[in-house]
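*Asks:* what follows is a predicted structure for the sequence shown.
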Amino acid sequence: MAEKEVKKGYTGFSNELVNDPIIKNSKAWTLFSYCLFKAYFDDKYGEAGTFTTTQKEIASHLGWDYKTLLKFMKFLKDNKYIDYQTSSQNTVIKVLNYRKWRGY
């Protein structure tokens, strides 16, 4: 099996995240920061702040069961941190206000 290419670079967060209520919810914060890390940094490979994955892949990376993942994806969507569209093949996630959360 071929290894996946590792993206090289840096990630920064806006200082505003420290004061945001999401930081008090460890599961929501874990999923949200995962989304920030996975999202395209700029428009070179796709729309900045978006990425395509599967729910199975996210759950596996985070060590969560499927029910927990769905609960916190819904939480983030309802609270306008992310938006997503799911099909039978994949899930496209968009981090809302991506540039704000990345601190630029």
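*Replies:* Sure thing, it's come through.

*Asks:* ranges for the helices of the protein?
*Replies:* Ranges of helices within the chain are 26-38, 55-62, 66-78, 98-102, based on DSSP state H.

*Asks:* export the ones you listed as JSON lines, with columns for distance to Asp20 and mean pLDDT.
*Replies:* For glycine as for every other residue, the C-beta is placed from the backbone atoms N, C-alpha and C. Listed next are the helices of the chain as JSON lines, based on distance: least, C-beta to C-beta, whole Å; pLDDT from 0 to 100:
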{"stretch": "helix 26-38", "distance to Asp20": "9", "mean pLDDT": "93"}
{"stretch": "helix 55-62", "distance to Asp20": "20", "mean pLDDT": "96"}
{"stretch": "helix 66-78", "distance to Asp20": "12", "mean pLDDT": "97"}
{"stretch": "helix 98-102", "distance to Asp20": "9", "mean pLDDT": "77"}
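
*Asks:* residue nearest the middle of the chain, spatially speaking?
*Replies:* Centroid-nearest residue in the chain: Cys35, 1.2 Å away (criterion: C-alpha atoms, centre = their mean).

*Asks:* isn't that residue up against Val95?
*Replies:* Yes - Cys35 lies in contact with Val95 (C-beta atoms under 8 Å); the separation is 5.2 Å.
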